[in-house]
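**Q** sequence plus the predicted model coming up.
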Amino acid sequence: MGRERIRPGKHVYFRVALLILVAGCTGLYNGSEVRDSMRHGQMLLAQGDYDGSVKEYQRALRFAHDRSPADVALFNLGLIYIDPQNPKKDDQKAINSFAELIAAHAQSPWAAQAKIWMAVLDDKERSNEKLEISRQATEKLQQEIDRLTRLIEISKQEVEKSRQEVEKSKQVVEKSKQALEKSNQVDIEIEQKKRERGR
């Protein structure tokens, strides 16, 4: 029994089937598509089109899978998300991009820079938390100051009311004193007239 000879046509079908199987599992790496998306992403970023740039870098990631320049695309996405001029700035998305870069491309030179950016963003988050705690403490202090100011104002009003009451009492005492003096004067005059009649 000899080996069955494979016809040339069967090789072609086998290779095509194998290629479809591999492409279906891993996707075809299309270097030119990746490069085009990377260039287009950089160009859109230079024009200030952050959304367009993000879409192009994400497209490059889809084409590159886990191969280079996926690391560069992830790093650039992280930078786009932390760009102060980006209206959709999002520190958490930046951290996610940098973390994915570090996890998937640990040997990449961009991974070291991604670690630095993550540390910076972590410090920023801690500073923001401290700032929020300080803001809340300041707000509580301001509320306490406002409460004490109201109490002082109420006390001032009470003191003023008491002063006015004391002033009224003084006036009443003064009137009573004058009335008493008048009454004494009248009594003296009556006594004097009585004496003059008695003579």
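**A** Arrived safely. Numbers count the residues shown, from 1 in each chain.

**Q** next, the contact list for Glu153, please.
**A** If a contact means C-beta atoms under 8 Å, 6 or more residues apart in numbering, then Glu153 has no contacts. From N, CA and C alone the C-beta is placed, and that goes for glycine too.

**Q** secondary structure element for it?
**A** Assigned by DSSP states H and E, Glu153 falls within helix 109-198.

**Q** how far off centre is that helix?
**A** Taking the mean of its C-alpha atoms, helix 109-198 sits 38 Å from the chain's own mean (C-alpha atoms, centre = their mean, to the nearest Å).

**Q** flag the shaky bits of the protein, pLDDT-wise.
**A** The chain contains residues with pLDDT under 70 at 1-30, 199.

**Q** find the centremost residue of this protein, please.
**A** Residue closest to the average C-alpha location in the chain (C-alpha atoms, centre = their mean): Asn128, at 7.3 Å.

**Q** roughly how far does it sit from Ser134?
**A** With distances taken as C-beta to C-beta, to the nearest Å, Asn128 is found 11 Å from Ser134.

**Q** also Ala179?
**A** 66 Å.

**Q** number of residues surrounding the residue lying closest to Tyr81 once chain neighbours are set aside?
**A** Spatial nearest neighbour of Tyr81, chain neighbours left out: Ala94 (3.7 Å); criterion: C-beta to C-beta, 6 or more residues apart in numbering. Close neighbours of Ala94, defined as other C-beta atoms under 10 Å, add up to 23.
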